[in-house]
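Enquirer: Can you look at this prediction? I've put the sequence above it.
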Number of protein chains: 2
Amino acid sequence: MPKSLPIIELSGTLCCPPVAAGVISDADALEVALRLKALADPVRIKLLSLVLAAGAAGLRNVDLVRELQLTDATISHHLGQLSRAGLLSAVHQGASTYYAANRAALGALMGVLDPNCC
Amino acid sequence: MPKSLPIIELSGTLCCPPVAAGVISDADALEVALRLKALADPVRIKLLSLVLAAGAAGLRNVDLVRELQLTDATISHHLGQLSRAGLLSAVHQGASTYYAANRAALGALMGVLDPNCC
DNA sequence: CAGAGTACTTGACATACGTCGAGGCTCTGC
DNA sequence: GCAGAGCCTCGACGTATGTCAAGTACTCTG
């Protein structure tokens, strides 16, 4: 990975034309790729699935530590990745942090890549 | 990545319930993640977009070398990743190899992750 | 057959990434 | 105020990955 990827603000919802509509621009390709990278890990897929299933209430770091068999540091790392990609939203409540899935962001990302969309 | 990811046959089309339908299994999470990993690179997104735009005829390695500014070895590497993930299909014709997008596989992958689907 | 064009493989390099242990911070309840 | 729970940050580690240069193999053309 010599050509290192730049840091981009990803917390917002992705917005670019679907790939089926024409050749994607370099900038859009980068945005899409960075979000996919945030999702391209078995732990994070499982994690997102658990959070999705929990609904709007969300789940805490500890809840996920119990489900997956990983350190709280590792879970925190993954939650950070997903949050930075805008796929998860975190809300602090007392000593805990509840993570909920950002369904709109996930839907938008899938919509851009879906060849059958639009 | 100490817990190294196993090698799995991915050339077929993904088939598992959408994440919105419930918590995904470890095996399905791994399958989804491996396909996303194959897609989570700006070059490969651009590449897929170009191939998609080319339609059923497909594109050759050289064509893509000209579009993106990379070595044929690098393009070959990326094409291999996408092919192994079942996202691209290769057909040899004389001295050339034409790559076409596997729309069904891409659609299936997006369908599994789309929270608005099903 | 010779040469050009195309594609894949291999090896090497630098960087990115997942994981953990240790430590520190904030909030809660006694 | 203290002890504990929950969460994050930091540093370190081993592995994976994107890129290229060089080499190899195949196909077509003349």
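Expert: Alright, I've got the coordinates.

Enquirer: By neighbour count, which bits of stretch A:15-23 are buried? Give me those.
Expert: Within stretch A:15-23, the residues scored as buried using 16 or more other CB atoms under 10 Å in any protein chain shown are A:16, A:18-20. Using the backbone N, CA and C atoms, a C-beta is placed for each residue, glycine as well.

Enquirer: out of everything not next to it in sequence, what's closest to residue A:74?
Expert: The shortest distance from residue A:74 to any non-neighbouring residue, by CB to CB, 6 or more residues apart in numbering or on different chains, is to residue A:43 (7.8 Å).

Enquirer: show me what contacts that neighbour?
Expert: If a contact means CB atoms under 8 Å, 6 or more residues apart in numbering or on different chains, then residue A:43 has A:68, A:70, A:74, A:78, B:29 as its contacts.

Enquirer: That one and DNA strand C: what is the separation?
Expert: Residue A:43 sits 4 Å away from DNA strand C when distances are taken as CB to the nearest atom of the strand, to the nearest Å.

Enquirer: Which element, helix or strand, includes that residue?
Expert: helix A:42-54 (DSSP states H and E).

Enquirer: Give me the buried positions along that helix.
Expert: The neighbour-count criterion (16+ other CB under 10 Å) identifies A:42-52, A:54 as the buried residues of helix A:42-54.

Enquirer: What residues does chain A have near DNA strand C?
Expert: Within chain A, the residues that sit near DNA strand C (CB under 7 Å from any atom of the strand) are A:1-2, A:4-5, A:37, A:40-41, A:43, A:69-71, A:73-74, A:77-78, A:81, A:94-95.

Enquirer: Out of these, which sit inside helices?
Expert: A:37, A:43, A:73-74, A:77-78, A:81 (DSSP state H).
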